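Enquirer: sequence first, then the predicted structure:
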Amino acid sequence: NLAANPATISPGESTTILWDALGVSGCTASGQWSGARSAGSQSEIVTPPSALGTYTYVLTCTGLNGNPSASVVVTVTHKAPVVKAGPDQVVTLPFTGSAVATMAGEATDDGLPIPPGSLTILWTQTSGPVPAAISVPSSPTTDISFTQVGIYEFELSADDSEKQGSDSVVVTVTQKVPVV
């Protein structure tokens, strides 16, 4: 048995190659790695080349029943942007005017593809009783104004020109209770 954990990584990251070579006298690595490897249940942390692509690790062992061989492929790829829309919020609608929720979203990217493009950010309203006003939809941090009580959902998305990531947040708008 030969496995990689994880089998898909970003450039510069490492993975762990795991193998079970029982009933054999020794093993030899080839492909993206080389040299003698111990028999038994073993593991080794490896860092494939940073270039995007697939890399094959092969382990051939010597035993009484021949020379069993196994291989595993590690894929180096770039990942989608990581997006955090922030915590759910509750805001109170005043007797006159509007309620405002300040969104504190975040979006990070791995800098790929090369040449790196800009990370496109967008807030969109996905549900709610009426449209809300998003001050700066292209900024991860923005204010959203509400004129009606209800439960609203918004999505923060990020696009690096090849991959996309998103996260949602719920804003509950309540009515101020009059004091008598």
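Expert: That came in fine, so what should we check first? Numbering: from 1, shown residues only.
Enquirer: residues near Leu59, how many?
Expert: For Leu59, the neighbour count with other C-beta atoms under 10 Å is 22. Using the backbone N, CA and C atoms, a C-beta is placed for each residue, glycine as well.
Enquirer: so for Asn67, what's the nearest residue that isn't a sequence neighbour?
Expert: Nearest residue to Asn67 in three dimensions, chain neighbours excluded: Thr60, at 5.7 Å (C-beta to C-beta, 6 or more residues apart in numbering).
Enquirer: before we move on, what about Glu13?
Expert: Thr47 (7.3 Å).
Enquirer: what sits against Thr124?
Expert: Neighbouring residues of Thr124 by C-beta atoms under 8 Å, 6 or more residues apart in numbering: 134, 137, 154-155, 157.
Enquirer: for Ser145, same thing?
Expert: Residues counted as contacts of Ser145 (C-beta under 8 Å, 6+ apart) are 98-100, 132-133, 135.
Enquirer: and those as a markdown table, adding pLDDT and secondary structure?
Expert: Below are those laid out as a markdown table (pLDDT from 0 to 100; DSSP: H, G, I helix; E, B strand; the rest coil):
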| residue | pLDDT | secondary structure |
| --- | --- | --- |
| Ser98 | 94 | coil |
| Ala99 | 96 | strand |
| Val100 | 97 | strand |
| Ala132 | 98 | coil |
| Ala133 | 98 | strand |
| Ser135 | 98 | coil |
